[in-house]
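Chemist: Quick one, fold the following:
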Amino acid sequence: MQDRTKPINSLVTPSRRSRVTPFYAMEVLSAAAVEERAGRHIVHMEIGEPGAQTPLSIRQAAARALESERMSYTPALGRPTLREKIARHYRDVYGIDVPASRIAVTTGSSLGFLLAFLVLFDPGARVAVASPGYPAYRTILESQGIEVVPIETSAASRFVVNAAMIEAEHERRPLDGVLLMSPANPTGTMMTPQTLAEVARTCDRLGIRFISDEIYHGLTYDAPARTALEWSDKVVVVNSFSKYFCMTGWRIGWLVLPEELVRPVELLAQSLAISVPTLSQIAAEAAFDAREELEVLKAGYARNRAMLLQELPGMGLGNFHPVDGAFYVYCDVGHLTNDSMEFCKRLLVEGGVAATPGVDFDREQGHRAMRICFAGSETDVREGLRRLGGWLSGAKR
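Modeler: Numbering: from 1, shown residues only. Coordinates of the predicted model:
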């Protein structure tokens with residue numbers, strides 16, 4: 001009789017799907033914590049997180065709810081009152097009518113991506129993403145057996161993926177999906193309305209499923225962002241309360257779905273999450289009434305952005321992507337190093353500044369780049385620039 005038992009070590013061997021590359025921004029955060037435990041002061045410019053507290057009116061709404069409401073399960077798609085507020089947001093900000101029935105509240109955009117990928121793609125599907133791009137896209141897609149197709153951006157396309165690039169990749173080998181972010185992480189670049197419209201229409205024409213990550217909407221500096229929903233009702237939009245609304249730790253986001261996908265997403269959410277934390281949903285409802293406070297925070301990011309755009313060139317870091325939105329500068333450091341990982345380690349240990357190596361966002365060219373986040377306080381950003389300039393001067397000697 002054939003022995004079908006497995007070696008005891010195989011019982012604790014991780015699956016192939018779990019063998020993913022680290023999220024290096026989080027690795028840098030952990031390394032910075034080690035330095036801080038040793039008594040050093042570190043300026044954090046690595047994590048894409050607002051440095052400010054969640055606006056007071058949002059926190060007060062949550063505190064009142066804790067005193068007066070039961071924190072029970074909600075429907076898997078979210079509280080009806082929150083879904084209605086999100087629908088009203090699309091009418092007020094974009095002038096388009098999105099029924100609340102098409103909105104699914106999620107535990108951060110992270111669960112939104114997981115649900116979107118599960119409902120749209122089967123294992124073996126091919127999904128294109130921008131490079132450089134948000135590293136968690138690749139990790140979540142690959143963990144589901146989906147092939148990630150990076151499309152390298154360049155100055156020729158203003159560092160965004162356009163319709164011609166998608167069509168060319170699709171002709172080489174058919175794509176099942178395209179996932180793009182505008183404004184983008186790590187670059188801060190934003191599609192023009194014409195580019196976004198062409199991408200949405202091209203995906204519809206070619207039968208490619210389009211996911212539009214709009215998490216940095218609200219954080220633009222020269223022109224407002226436009227939603228892909230203006231040009232297609234087949235697109236899946238992912239958004240979150242984390243960035244503009246300053247609610248990272250509350251872990252709440254949303255999807256806008258074609259009607260046909262709402263029920264499948266609901267069924268998946270029932271088992272994967274049951275429901276989104278009730279307290280976070282209540283707080284998110286209050287977020288739409290905190291615009292005055294949120295615009296003050298955004299004005300701070302704008303001042304930090306201006307500071308970096310003025311100071312970085314004088315340090316020899318003037319080659320960066322257009323910073324249209326979000327709160328990042330993606331710098332070319334290829335004239336200083338061919339190993340952005342080691343470069344950022346040295347900057348942390350020797351300079352006291354935490355920044356993210358470009359390899360987090362681009363496996364091919366990221367060894368020549370570094371991302372700096374300017375979402376902290378003006379004081380911290382100013383100090384980070386002072387330290388960065390001093391360290392670079394010393395490193396060049």
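Chemist: where exactly do the helices run in the chain?
Modeler: Per DSSP state H, the chain has helices spanning 24-37, 56-68, 80-94, 108-120, 135-143, 163-172, 193-206, 259-272, 278-287, 291-311, 340-351, 378-396. These are given in chain order.
Chemist: gap between the closest residue to residue 264 other than its chain neighbours and residue 394?
Modeler: Excluding its sequence neighbours, the residue lying closest to residue 264 (C-beta to C-beta, 6 or more residues apart in numbering) is residue 119, at 4.9 Å. Every C-beta, even on glycine, is put in place using the N, C-alpha and C of the backbone. Note on residue 119: its distance to residue 394, by C-beta to C-beta, to the nearest Å, is 52 Å.
Chemist: what sits up against the helix or strand of the chain with the lowest mean pLDDT?
Modeler: Every helix and strand of the chain was ranked by mean pLDDT, DSSP states H and E. The lowest is helix 24-37, at a mean of 87. With C-beta atoms under 8 Å, 6 or more residues apart in numbering as the test, helix 24-37 has contacts from 42, 44, 46-48, 135, 341, 344-345, 348-349, 352, 354-357, 359-360, 371.
Chemist: Buried residues in it, which are they?
Modeler: Neighbour-count burial for helix 24-37, with 16 or more other C-beta atoms under 10 Å as criterion, is recorded at 24-25, 27-29, 31-32.
Chemist: returning to that earlier point: for residue 119 and residue 394, work out which one has more neighbours and name it.
Modeler: Neighbour comparison, residue 119 and residue 394: the larger count goes to residue 119, with 22 against 10 (by other C-beta atoms under 10 Å).
Chemist: Next up, the contacts around the more buried one.
Modeler: Residues near residue 119 by C-beta under 8 Å, 6+ apart: 261, 264-265, 268.
Chemist: Would you reformat these as JSON lines and include pLDDT, distance to residue 38 and neighbour count?
Modeler: Written out in JSON lines, the entries for those read as follows (pLDDT from 0 to 100; distance: C-beta to C-beta, whole Å; neighbours: other C-beta atoms under 10 Å):
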{"residue": "261", "pLDDT": "98", "distance to residue 38": "49", "neighbour count": "19"}
{"residue": "264", "pLDDT": "98", "distance to residue 38": "50", "neighbour count": "14"}
{"residue": "265", "pLDDT": "98", "distance to residue 38": "46", "neighbour count": "23"}
{"residue": "268", "pLDDT": "98", "distance to residue 38": "44", "neighbour count": "18"}
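Chemist: Low-confidence ranges, the chain, go.
Modeler: Applying pLDDT under 70 to the chain flags residues 1-9, 395-397.
Chemist: what's the neighbour count on the residue nearest to residue 90 when sequence neighbours are not counted?
Modeler: Spatial nearest neighbour of residue 90, excluding adjacent residues (C-beta to C-beta, 6+ apart): residue 98 at 4.3 Å. Look at residue 98: counted by other C-beta under 10 Å, it has 20 neighbours.
Chemist: cool, residue 393 as well?
Modeler: Other residues near residue 393 number 11, with proximity taken as other C-beta under 10 Å.
Chemist: From residue 314, how far out is it?
Modeler: Spatial separation of residue 393 from residue 314 under the definition C-beta to C-beta is 11 Å.
Chemist: quick one on the thing from earlier: ChimeraX command to pick out the buried ones of the contacts of helix 24-37?
Modeler: Paste this into ChimeraX to select the buried members of those, with burial taken from 16+ other C-beta under 10 Å:
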select :42,44,46,47,48,135,341,344,348,352,354,355,356,357,359,360,371
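Chemist: List the residues that contact residue 144.
Modeler: 17, 117-118, 121, 123.
Chemist: Ignore what I typed, I meant residue 104.
Modeler: Contact analysis of residue 104 by C-beta under 8 Å, 6+ apart lists 77-78, 112, 115, 254-255, 257, 262, 265-266, 269.
Chemist: what would the residues you listed look like in a markdown table with distance to residue 156?
Modeler: Putting the contacts of residue 104 into a markdown table (distance: C-beta to C-beta, whole Å) gives the following:
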| residue | distance to residue 156 |
| --- | --- |
| 77 | 42 |
| 78 | 41 |
| 112 | 31 |
| 115 | 35 |
| 254 | 34 |
| 255 | 32 |
| 257 | 34 |
| 262 | 39 |
| 265 | 37 |
| 266 | 42 |
| 269 | 41 |
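Chemist: And the chain, split by domain according to the record?
Modeler: Split into domains by automatic domain parsing, the chain comes to 16-53+292-396, 56-289.
Chemist: for these, which one sits closest to residue 10?
Modeler: Evaluated with C-beta to C-beta, the domains of the chain place domain 16-53+292-396 nearest to residue 10, the distance being 12.7 Å.
Chemist: Show me how far the closest one is from its chain's centre.
Modeler: The gap between the average C-alpha position of domain 16-53+292-396 and the chain average comes to 16 Å, counting by C-alpha atoms, centre = their mean, to the nearest Å.
Chemist: Could you tell me how many residues sit around the closest residue to residue 228 other than its chain neighbours?
Modeler: What sits nearest to residue 228 in space, not counting adjacent residues and going by C-beta to C-beta, 6+ apart, is residue 212, at 3.8 Å. Burial of residue 212, expressed as a neighbour count using other C-beta under 10 Å, amounts to 26.
Chemist: Residue 212 and residue 317, how far apart?
Modeler: 31 Å.
Chemist: tell me how far the ends of stretch 141-148 are from each other?
Modeler: Stretch 141-148 has its terminal residues 7 Å apart, counting by C-alpha to C-alpha, to the nearest Å.
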